[in-house]
Structure formats: structure tokens, C-alpha cells
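1. Sequence first, then the predicted structure, then my questions.
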Amino acid sequence: LTAAKDVAKVTDKDVDEELKPYIDRATRLVSVDRAAQNGDTVVIDFEGFDNGEAFEGGKGENYDLKLGSGSFVPGFEEQLVCTKAGDEKDLDISFPENYHPGLAGKAVVFHVKVKEVKEPQAPVVDDEFAKDVSEFENLADFRKSLADRITERRTKQAEADFDNQIMEQLVENMECEIPDGMVDVQLDRMMENYAMELQSQGFSMEDYQKMMGVSGDVIRDSARPSALRQVQMQLALTAVADAENIEISDDELEAEVNRLAEQYKIKPEQVKAAVNDADLIRDLRLRKASDLVIAEAKVGKAKKKAAASSVLWSALLTVIKLVAGISTNSLGLLSEALHSTLDFVAAGITCLAVRISAQPADERHPYGHGKAESLAALAETVLLLVTCAWIIIEALERLFFSAGPVEPSWWAFAVVIISLAVDISRSAMLRRVAREHKSQALEADAMHFTTDIWSSAVVLAGLTCVGLASFAEPDSLLYHALTKADA
């Protein structure tokens, strides 16, 4: 099995982001004699009134409120911008509809007195700063340690992503019908493990259900998709373990019991009482099988290579189709050239989207950059529709108004046949890689090459008909039909 593994790269900007929490912790609030602005902290007394009556929980004194933090009800902080120490102001506030009962949706008035305005004063980031916030003597060494930390974190994430891709491929390649009973058994095991985890934290499952306000059935239903995936993974890994004759020694079993005891903060005897040896042996065999599958897997850059190769092939096809279309005056070939130009642009968009989506999550994108591929797929589909509209308009113009003669040549046929061969191979490859990596952008790119296959076949048929027109009686209905076949 092959999957991509990102190489951890760290820039100065990454280190600056890692440095920010240290700067924030060392930042002091300094009293200033000016109007408050976003980012400042105002010290306020406030009291809320509903139809002139003070309501419970709406009063505070000497409260430090950072403007722009969003910690208060919407509209509160915004109305304190530009206030100064000593100002008193009534704020008209409407509570959100989803606020707690009693105040939800109500319009109230907060009377606020601004007692002090403070601005954040960041420290000078130099060697002295590094000494104060770390064990390093200078800023350069401190930044290097932060860069090393980021590299280690991203390397671990890249390895985890690689492992997940490989295991997903293993499951996707498996053909198996899974009875509901197997999923129910796995659900039972998951619930038991979860109960043990809660117990290690001093909670019971009943306490957790009351705290979350949910029933046991709701928890089980939410866990069912995960249980199904685990069953699929277990079946695939069991097949690997059986094929590789993986066995578990008594020492390995004992080590696993001790590990679980330490993890759940209980005695080894309690682990043995809760989990039988057969279950532990099964889990250890699956773990060994997983390690084997990952160890045998290969690192590749399939997504990026596929996207880059699409750009090159699209550029080549665009050039040869354009030359052939101009020399033969074939609308079919010219539309194919435009189609390939579109493919070139789409492949470029795909290549960019794949690179962006591979970037790690950051402060602005906490869930990663996967949406880049969705946007790329949408853009490519729109481009395809625009191109189709132009081809239809030009075809109608040639069919019913005016068109120069089409002069098919042997090399025009050769261009179309080469294009067909390339499109068939590229679309198959792109679909395979898109399926393996669940890439919407590559799937859209494969769609472009697939439409090329059909359009190239139609162009080939049109050129063939135009070529056959020379054998028909001039000015006959058949002759005119064949000469218009290209359009």
C-alpha cells in the first residue's frame, strides 16, 4: 500500500505563532488616559434592568472586560468602544433567542460605569525575554527549541495521517458482509471500555449520562458508526494476522496487563478480572498486524504527482489540438483545444488545491484546509459548463449561418487518437488516486479528462464524416450533411 506522508517544514512565521502564547503571558495591562478601543481592557461596574427592574445575575463590580473578546452578550462590548474612564452609559441590549430562560429574546438596558481603561503592553522580545520565559540564555536558542517542537509535532501528525491512510486503504480493499450482531458486540465492548475510563476519572456511566442529559441508547447510537469501522478494521487485520501466523507470547501478554493497569490506575489483578486473556491476545495480534501493514507500506506523493502530471499533459494536448484545429478549420478540434485549455486551468487549480489542503491546521483554520479541494471542484465544474456553452453557440453559428471548409488530414486524426489514449489513461489514474485519498479536486480533474474522452470520440466521428464527404455527390443532401458533421 502507498500513501503520502508530509515532510515537516517550519517557517519563521510558524515560530512566531508558537511564540505568541509566551508574549501574551508576559504582556501587562497598563492604565491609559484615552478613549477605549478594541483590544483594550475596561474596568467597569454594570447593572442590567428589565423594564426598569434589576434582574438577577445582571450586576457586577470592578469587572475586567476585554473589548472585542466576545465574552459578553452581543452588542455590549461594541457600545463601550470610545468610552473613557469616568464615563457612564446606558447600553440597549437584546438577549439572543437561545439565551437561558427568563432573558431569552428580551430587550434590556445595562447601566455601565467605566472606571479605568487599560491597554496591553507587550514585552520586548529579546534575549532577556527568552531568559524570563524559558531555560535558554538567548532568543536564538529559544526560537530553535520552538522550531524543533513544531517539527516534532508535525512529524508525529504526518506519521499518524500516513498510518490512517494506509489502514483506510486496507479496509477499502476488503470485501466482506458484516452482520449487525458483530457491530452490537463491538458496541458493548466500547461501552465497557468507556465505563472503565470514566471510572478511572471518578465517574460512573450513570453520572455521565445525567451530566450530559442523554440516555444510554443515545450514546450507543452515536457510537455505532465508529463500532462498524472498528469491526471492519478488526476483520481486515485478523486476516493479516492469520496469513502472517502472528502469535503472542506470555511475556507480551503480561506486559499488556501491566500497561492497562497503569493506564487506568488499577491493579493488574483487576485488569485480569475485567478482561479475559483471549480478548487481550486478540487485541495484541491485531496491533501487531497493524504494525506489520504500516511497516510494509510505502511512502509516495500520489496526490501531488497526479495533480502535477495533469498540468503537463493538459498543456501538451492543448498545443497540439490548437495547431491541428487552426490548420484544418475544424470546430471539433478547436473546441477540443479549448477543452484542453480548460483542463490545463483545471489541473492548475487542482494542483494548487492539493498543496493547500495538505497544509497543517493553524489558528485561522483549526480543522485544516480540506475545503480548498471542495472549492476547486466547484470552480472546475463551472469552467466546464462555460466552455460547453461557447462550443454550443459556435456550433449553431456554423450549422445555420456561415462556416469555412473543414480540411481533415491524417495528422488531425492522429492528434485525436493520441488525445483519446492520453485521456483514458489519465482519467483512470486520477480516479484511482482520488478514491485512495478521498480527494474531491482530483475527482473533478478526472471528470475533465473523462469528458475529453467522449468529446474526442465525437470529434473523431465528425472528422471521419467530413473525410467521407469527398465520396458523396457534390450539392447532394448527403454531401451537405457530411460537411456539417464537424459542427
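-> Noted; the coordinates are in hand. Predicted model only: the values in this text are computed from it and were never measured.
2. buried sites along stretch 99-113?
-> Applying a neighbour-count criterion of 16 or more other C-beta atoms under 10 Å, the buried positions in stretch 99-113 are 103, 108-113. In short, each C-beta sits where N, CA and C put it, glycine included.
3. And the helices in the stretch 351-487 of the chain, which stretches?
-> Assignment of helices within the stretch 351-487 of the chain using DSSP state H, counting those that start in this stretch yields the ranges 371-400, 410-437, 440-468, 477-483.
4. coming back round to it: closest to residue 210 among the buried residues of stretch 99-113?
-> Using C-beta to C-beta, residue 103 is the member of the buried residues of stretch 99-113 that sits closest to residue 210, with 25.6 Å.
5. what's that closest one in contact with, if anything?
-> Contacts were defined as C-beta atoms under 8 Å, 6 or more residues apart in numbering; by that measure residue 103 touches 50, 55, 95.
6. Top of those residues by number of neighbours, please.
-> In terms of neighbour count, residue 95 stands highest of the contacts of residue 103 at 19 neighbours, by other C-beta atoms under 10 Å.
7. Now that residue. Its backbone dihedrals?
-> Residue 95 has phi and psi values of phi -70, psi 150 when expressed as degrees, to the nearest 10.
8. Tell me how far the residue nearest to it when sequence neighbours are not counted lies from residue 186.
-> Closest residue to residue 95 apart from its sequence neighbours, by C-beta to C-beta, 6 or more residues apart in numbering: residue 103 at 4.7 Å. As judged by C-beta to C-beta, to the nearest Å, residue 103 and residue 186 stand 45 Å apart.
9. same deal with residue 61?
-> Taking C-beta to C-beta as the measure, residue 61 falls 55 Å from residue 186.
10. And residue 317, by the same measure?
-> 50 Å.
11. These two: which has the busier surroundings?
-> Just comparing residue 317 and residue 186: by other C-beta under 10 Å the higher neighbour count belongs to residue 317, 26 against 20.
12. is it true that that one touches residue 422?
-> Yes. Under the criterion of C-beta atoms under 8 Å, residue 317 lies in contact with residue 422, with a separation of 6.4 Å.
13. Look through this protein and tell me its longest helix.
-> Secondary structure of the chain read by DSSP state H shows that its longest helix is helix 139-172.
14. what about residue 195, how many neighbours?
-> 15.
15. residues touching residue 73, list them.
-> Contacts here follow C-beta under 8 Å, 6+ apart; on that basis residue 73 touches 93, 95-96, 99.
16. next one: residue 319
-> Taking C-beta under 8 Å, 6+ apart as the test, residue 319 contacts no residue whatsoever.
17. ok, it to residue 341 distance?
-> Distance check for residue 319 against residue 341: by C-beta to C-beta, it reads 10 Å.
18. What of residue 451?
-> The separation that residue 451 has from residue 341, given C-beta to C-beta, amounts to 14 Å.
19. what about residue 236, neighbour count?
-> Using other C-beta under 10 Å: residue 236 sits among 22 other residues.
20. Secondary structure element holding it?
-> Residue 236 is part of helix 216-243 when elements are defined by DSSP states H and E.
21. quick one: that helix to chain centroid distance?
-> From the chain centre to the centre of helix 216-243 is a distance of 24 Å (C-alpha atoms, centre = their mean, to the nearest Å).
22. Residue 275 contacts residue 260, correct?
-> Yes. In this structure, residue 275 is within contact of residue 260 by C-beta under 8 Å, at 7.4 Å.
23. sorry, back to before: shouldn't the residue nearest to residue 95 be within a helix?
-> No. Assessed by DSSP: H, G, I helix; E, B strand; the rest coil, residue 103 does not belong to a helix; its assignment is coil.
24. Going forward, the N-terminal residue is numbered 615.
-> Renumbered: residue one is now 615, and that last one reads residue 717.
25. Distance check, it against residue 894.
-> Residue 717 sits 54 Å away from residue 894, going by C-beta to C-beta.
26. With residue 742 instead?
-> 54 Å.
27. Pick out whichever of those two has more residues nearby.
-> When neighbours are counted by other C-beta under 10 Å, residue 742 and residue 894 differ, and residue 894 comes out ahead with 19 against 12.
28. In contact with the more buried one: list those residues for me.
-> Counting by C-beta under 8 Å, 6+ apart, residue 894 has contacts 867, 870-871.
29. what about residue 659, which SS state?
-> strand.
30. where do the helices sit along the stretch 615-764 of the chain?
-> With DSSP H, counting those that start in this stretch as the definition, the stretch 615-764 of the chain shows helices at residue ranges 626-640, 741-747, 753-786.
31. would a markdown table of the ones you listed with distance to residue 824 and mean pLDDT be doable?
-> Conversion of the helices of the stretch 615-764 of the chain to a markdown table gives the following (distance: least, C-beta to C-beta, whole Å; pLDDT from 0 to 100):
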| stretch | distance to residue 824 | mean pLDDT |
| --- | --- | --- |
| helix 626-640 | 36 | 94 |
| helix 741-747 | 43 | 95 |
| helix 753-786 | 34 | 92 |
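32. To residue 696, which of those lies closest?
-> In this view, these are compared for proximity to residue 696 by C-beta to C-beta, and helix 626-640 is the closest at 24.9 Å.
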